[in-house]
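Enquirer: Quick one, fold the following:
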Amino acid sequence: MITSPGESSTRRPPVTVLGLGPMGRALASAFLAAGHPVTVWNRTPGKEGDLPGKGAVAAASVEDAVHAGHVIVACLIDYDALRATLGPARASWEDRRLVNLTSGEPAQARETAQWASARRIAYLDGAVLTPAPAIGTPSAAVLLSGAHDVHRDVQGTMAALGGTSVHLGDDPGRAAAYEMALLDVFATSVNGIVHAFALASAEGIAPERFAAFATGIGGLLPEMITRFAEQIQAGRFPGERSTIASAASGIRHVVNTATSHGIDVGMLTAARRTLDRAVADGHGPEGLARLTTVLHPAGRP
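Expert: Numbering: from 1, shown residues only. This next block holds a predicted model:
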């Protein structure tokens with residue numbers, strides 16, 4: 001726990017939250033509920049909501065906000081906004097720790113860590129994997145990455161967010177890497193779901209009747225993800241359950257059906273292209289996890 005000279009080690013360190021979108025407000029509320037003095041700041045005034053009523057102090061400037069906290073938690077729109085906000089600020093970072101929960105790319109996280117190091121800012125990057133209402137509850141999940149000593153200093157404070165908090169090591173881009181890969185799962189899954197509803201609707205299938213069967217498909221995914229991970233790790237892709245060749249045949253029928261109704265098939269065409277390439281490379285009899293190596297430019301997972 002970070003303490004100021006003369007400050008009792010039992011007092012929870014003051015926290016500043018930069019950025020008051022829904023997630024930023026949820027973070028500030030969780031720190032307040034855990035007994036931390038909280039200062040908040042947002043580029044656009046008036047976003048504090050009910051936080052002042054809960055005890056938060058709205059800073060007049062980003063410099064005042066940084067000076068008020070020992071742990072500075074940023075949750076802005078992107079990494080450019082973070083640097084644009086803190087770069088011109090005349091704020092002392094001595095005995096302060098910056099935890100950046102702004103969403104972005106792994107390369108941006110690493111660049112920002114270098115930017116922070118050049119300014120002698122003790123920096124930790126992170127990613128929030130759960131929606132704002134989960135913050136402060138047992139279902140919250142936060143990933144952190146960066147210097148171990150910075151994580152050690154803020155670990156107790158970040159526990160206020162509830163649930164699971166995992167430090168992934170020294171690489172400041174690791175949390176963002178996990179977040180991007182997980183968002184990949186979410187984005188493509190949602191796209192697949194809405195596309196399937198569009199296709200079902202075009203064929204006259206009522207949404208609620210289709211959903212009864214589609215949820216069964218969704219139930220297959222957790223086991224499939226675990227099995228794929230084991231096969232990718234082992235480098236073995238048995239086609240005992242399904243093969244790339246059969247998937248390539250099936251997706252052509254889906255593309256043809258959707259096209260007949262004028263439904264966009266861009267995502268399906270990309271998937272079919274990967275399957276066809278795998279078949280052309282001789283992987284048709286293998287299992288679908290093999291597609292990971294087909295997609296990777298170096299031919300490996």
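Enquirer: Kindly confirm my reading that residue 143 forms part of a strand.
Expert: Yes: the assignment for residue 143, made by DSSP: H, G, I helix; E, B strand; the rest coil, places it in a strand.
Enquirer: if I look at it, how far off is residue 108?
Expert: Remark: distance between residue 143 and residue 108 (Cβ to Cβ, to the nearest Å) = 15 Å. Bear in mind the C-beta positions are built from the backbone N, C-alpha and C, glycine included.
Enquirer: Which of these two has more residues huddled nearby?
Expert: Neighbours per residue (other Cβ atoms under 10 Å) separate residue 143 from residue 108, with residue 143 holding more: 22 against 19.
Enquirer: Next one: the residue nearest to that one when sequence neighbours are not counted from residue 111, what distance?
Expert: Of all residues not flanking residue 143 in the chain, residue 175 sits nearest, at 4.1 Å (Cβ to Cβ, 6 or more residues apart in numbering). With distances taken as Cβ to Cβ, residue 175 is found 14 Å from residue 111.
Enquirer: Which positions within stretch 251-260 qualify as buried?
Expert: 251, 254-255, 258 (16 or more other Cβ atoms under 10 Å).
Enquirer: quick one on the thing from earlier: state the number of residues packed around the residue nearest to residue 143.
Expert: Residue 175, neighbours per other Cβ under 10 Å, totals 28.
Enquirer: Distance check, it against residue 129.
Expert: Distance from residue 175 to residue 129, by Cβ to Cβ: 9 Å.
Enquirer: ok, now residue 155?
Expert: 18 Å.
Enquirer: Name the residue in the two with the higher neighbour count.
Expert: residue 129 (18 against 14).
Enquirer: Hmm, residue 144 and the more buried one touching each other?
Expert: No: when contacts are counted by Cβ atoms under 8 Å, residue 129 is not listed as touching residue 144 (11.4 Å).
Enquirer: and residue 52, what pLDDT?
Expert: pLDDT, residue 52: 95.
Enquirer: Give me the nearest residue to it, chain neighbours excluded.
Expert: Residue nearest to residue 52 in three dimensions, not counting chain neighbours: residue 58, with 6.1 Å by Cβ to Cβ, 6+ apart.
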